[in-house]
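Engineer: With the input below, show me the fold.
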Amino acid sequence: MKVATAAYPLDWLDSWSQYEDKLAAWFADAAGQGAELLVFPEYGAMELATLDGQDVAGDLEKSLWSVADKLDEADALHARLAAEYGVHVLAGSGPARHDGARPVNRARLISPTGQIGIQDKQIMTRFEAEDWDVVGGCPLRIFDTALGRIGVLICYDSEFPLFGRALREIDVLLVPSCTEALAGYSRVRIGAMARALEQQCVSVMSSLIGRAEWNEAVEINTGRGGVFCPPDRGFPMTGVLAEGVMDAPGWTLADIDLAAIADVRADGVVLNRRHWDDQAGRDGPPEPVALR
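Structural biologist: Numbering: from 1, shown residues only. As a prediction, the model looks like this:
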């Protein structure tokens, strides 16, 4: 498959039609380059809050519910474009209503046939938990698609190896991210690369970029698109299939060979995925040895 992963800037929207035009242009650009899977970033849906004006868009609490109330309509637009262009798409995540009183951070994987799978973020960053009061949602899921088995770890979740291990049956891991500083981007990039190494799969990182000064949650964003792989035979020895230009809007594209993933898992130079369980019993504190 060919994947397109976004470095996506948030815009101020004065009308729903402006949002439709923006998304249609992004879809057309990626599909025109042969992409079959489009990956938008974490909190890419936050620009929907601007449709309710400055008072709502600039307020942390009001902006959460403003976006949550528009997600269904946004998903319908994504589904229409996915059908029109014959692509799968991970829509930019955003706050969504859940069983509890507080919103979750939800990404939606949409097929060309209109099916929608949801994946909520598992562990919140300090800002999400302490300032924004966003909470964890549904458990991890594996999506069995016409393109292969796909999993999603939203931003911070990619930094936890046990989440990656739980998704060990996937072929492709999607990592939509929203990071303010280069340090945050680097942490998520390292996490995405580590998950690709450990589980011998391909990980796809998308990034929110640019400034959105109307809301402190997404005020400054740093990143780029990246597609990572195990540095083993059949793949680049750097572990990087493709990377975009830092903070430059647009798509980064890469071809993903599912046969190469299966081959490296079966007969790679190393077999990280197979040897995971060899760590069992070795995760306790090591015995201290005195060397004086």
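Engineer: C-alpha only now, for contacts and for neighbours.
Structural biologist: Will do.
Engineer: Next up, the contacts around Glu20.
Structural biologist: By Cα atoms under 8 Å, 6 or more residues apart in numbering, Glu20 lies in contact with Leu77.
Engineer: Which helix or which strand is home to it?
Structural biologist: Taking DSSP states H and E as the definition, one finds Glu20 inside helix 16-32.
Engineer: So for that helix, what gets flagged as buried?
Structural biologist: Of the residues in helix 16-32, 19, 23-24, 26-27, 30-31 count as buried by neighbour count, 16 or more other Cα atoms under 10 Å.
Engineer: Check these against His98 and report the nearest one.
Structural biologist: Tyr19 (24.8 Å; Cα to Cα).
Engineer: thought that closest one was touching Trp12?
Structural biologist: No. With contact defined as Cα atoms under 8 Å, Tyr19 does not reach Trp12; the gap is 9.3 Å.
Engineer: shaky segments in the stretch 1-150 of the chain?
Structural biologist: In the prediction, the stretch 1-150 of the chain carries no residues with pLDDT under 70.
Engineer: Return the alpha-carbon coordinates of the helix holding Glu20 using PDB.
Structural biologist: C-alpha atoms of helix 16-32 as PDB (Å, rounded to 0.1, in the frame of the first residue of the first chain):
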ATOM      1  CA  TRP A  16     -18.400  24.700   7.200                       C
ATOM      2  CA  SER A  17     -17.900  25.000   3.500                       C
ATOM      3  CA  GLN A  18     -14.400  26.300   4.100                       C
ATOM      4  CA  TYR A  19     -13.600  23.200   6.100                       C
ATOM      5  CA  GLU A  20     -15.100  21.000   3.300                       C
ATOM      6  CA  ASP A  21     -12.900  22.700   0.800                       C
ATOM      7  CA  LYS A  22      -9.800  22.300   2.900                       C
ATOM      8  CA  LEU A  23     -10.300  18.600   3.500                       C
ATOM      9  CA  ALA A  24     -11.200  18.000  -0.100                       C
ATOM     10  CA  ALA A  25      -8.000  19.600  -1.200                       C
ATOM     11  CA  TRP A  26      -5.900  17.400   1.200                       C
ATOM     12  CA  PHE A  27      -7.700  14.300   0.000                       C
ATOM     13  CA  ALA A  28      -7.200  15.100  -3.700                       C
ATOM     14  CA  ASP A  29      -3.500  15.900  -3.200                       C
ATOM     15  CA  ALA A  30      -2.800  12.600  -1.400                       C
ATOM     16  CA  ALA A  31      -5.000  10.400  -3.700                       C
ATOM     17  CA  GLY A  32      -3.500  12.100  -6.700                       C
END
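Engineer: just how off-centre is that helix within its chain?
Structural biologist: Relative to its chain's centre, helix 16-32 lies at 19 Å (Cα atoms, centre = their mean, to the nearest Å).
Engineer: Quick check: bridge partners of Val172?
Structural biologist: Following DSSP bridges, Val172 is listed with bridge partners Ile150, Val202.
Engineer: which secondary structure element contains Leu64?
Structural biologist: helix 60-68.
Engineer: got it, and Ala91?
Structural biologist: strand 88-96.
Engineer: next helix or strand past that strand?
Structural biologist: Strand 88-96 is succeeded, C-terminally, by strand 104-110 (DSSP H and E).
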